[in-house]
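Asks: sequence? don't have it. structure:
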Ligand SMILES: [Ca+2]
Ligand SMILES: [Ca+2]
Ligand SMILES: [Ca+2]
Ligand SMILES: [Ca+2]
């Protein structure tokens, strides 16, 4: 236990005093008077995950000016637990006012935490540091950084390990039977299509989201079903879209002559055969991009959804199957729900 308003130099304790810091109580030790208090730990459990700016508040005495602060130095040791303690001086920070002690706030950088995660920080007085008079711990401050809220999540078929976009959404694509295809080369060629090998071929910059995955069932290639897994950072209602690649001209009749079917379904539902003509033509980043409207889905914060994709091997008239990716658009009619955030 610290002493409470009852400082005794040399007893090795911290002394607590009320209403002298920006957050009320402060903890002080006087290493300049031969007091060596023990290291302290401040533990913080963050209810809400995210990126936080971290600030340490150090107390200074007398005048709050640079030269005087050097004459009468109130150092404090501080570090995130697990790192080496580092010596801080009030002049390392920004003067924030004098609630009792002069409050100097030092920016400690940024930390990323999950919902409910605990972070620990160590504090010590500066016994043995030359010129150190007292050490005053005023507290800490954490500022949640503004999050990027995407109104549209774009799912490229390119990432094959979990990828995090700037909005915090995560996704990747891999065969459904992951045990049978443990390595990338087991199921994918890169710009090196071999019909009949049962693999998908990836090519860059041919889809609305960059890479595309193609198979040629019309040339006797039966590639394995794939799963695109998506973890939504923010809950809500989304309009879901699938992009299917088409070749040659982007017109209805020609698309029928040279049909690029693709099987697709949310995992757990029966695969459904999609034809470019089922969708809306969105442009030609390489392949013609036809976008299928899949309806609206509702997800919770951090909820994972999976979608199954397969080529159309065995479907009459099917030449190739091209997966261009997916898109999820925040449903504007759900704006009341979003206002909860
Ligand atoms: Ca100490
Ligand atoms: Ca001072
Ligand atoms: Ca197949
Ligand atoms: Ca076409």
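Replies: Yep, it's here. Since the model is a prediction, treat every value here as computed from it, not as a measurement. Ligands and ions are numbered 1, 2, ... in the order given.
Asks: so what pLDDT did the residue minimising distance to the centre of the chain get?
Replies: Closest to where the C-alpha atoms of the chain average out (Cα atoms, centre = their mean) is residue 168, at 3.9 Å. Looking at residue 168, its pLDDT stands at 88.
Asks: Assign a three-state SS to it, would you?
Replies: Per DSSP: H, G, I helix; E, B strand; the rest coil, the local secondary structure of residue 168 is coil.
Asks: got the contact list for it?
Replies: By Cβ atoms under 8 Å, 6 or more residues apart in numbering, the contact list for residue 168 reads 147-148, 233-234. Just so you know, the C-beta spots here come from the backbone N, C-alpha and C atoms, and that holds for glycine as well.
Asks: Check the gap between it and residue 120 for me.
Replies: 25 Å (Cβ to Cβ, to the nearest Å).
Asks: Repeat that for residue 12.
Replies: Counting by Cβ to Cβ - residue 12 and residue 120 are separated by 22 Å.
Asks: Looking at these two, which is more packed in?
Replies: Neighbours per residue (other Cβ atoms under 10 Å) separate residue 12 from residue 120, with residue 12 holding more: 14 against 11.
Asks: Surely that one and residue 39 touch.
Replies: No: taking contacts as Cβ atoms under 8 Å, residue 12 lies outside contact range of residue 39: 11.6 Å.
Asks: before we move on, the earlier item: hmm, which two among the contacts of residue 168 are most spread apart?
Replies: In the contacts of residue 168, the most distant members under the criterion Cβ to Cβ are 148 and 234, with 10.5 Å between them.
Asks: which residues do these two both contact?
Replies: With contacts defined as Cβ under 8 Å, 6+ apart, the residues adjacent to both residue 148 and residue 234 are 167-168.
Asks: So which of the two has more stuff around it?
Replies: Between residue 148 and residue 234, residue 234 has the larger neighbour count (other Cβ under 10 Å), namely 20 against 10.
Asks: Next, count neighbours for the nearest residue to that one once chain neighbours are set aside.
Replies: Spatially, and ignoring its direct neighbours in sequence, residue 234 is nearest to residue 301 (6.1 Å; Cβ to Cβ, 6 or more residues apart in numbering). Applying the criterion other Cβ under 10 Å, we find 13 residues in the vicinity of residue 301.
Asks: can I assume residue 301 sits in a helix?
Replies: No: membership of residue 301 in a helix is not supported by three-state DSSP, which gives coil.
Asks: show me what contacts it?
Replies: 232-235.
Asks: Distance of it relative to ligand 1?
Replies: Counting by Cβ to the ion, to the nearest Å, the gap from residue 301 to ligand 1 is 43 Å.
Asks: quick one, phi psi at that residue?
Replies: phi -50, psi 130 (degrees, to the nearest 10).
Asks: which parts of this protein sit against ligand 3?
Replies: Near ligand 3, the residues belonging to the chain are 222, 310-311, 313 when assessed by Cβ under 5 Å from the ion.
Asks: Does the residue nearest to residue 327 when sequence neighbours are not counted lie in a helix or a strand, and which?
Replies: Excluding its sequence neighbours, the residue lying closest to residue 327 (Cβ to Cβ, 6+ apart) is residue 241, at 4.4 Å. Under DSSP states H and E, the secondary-structure element containing residue 241 is strand 236-246.
Asks: How about whichever helix or strand comes after that strand and ligand 4, any contact?
Replies: The helix or strand immediately downstream of strand 236-246 is helix 252-257, counting by DSSP H and E. Yes: using Cβ under 5 Å from the ion, helix 252-257 comes into contact with ligand 4 via 254-255.
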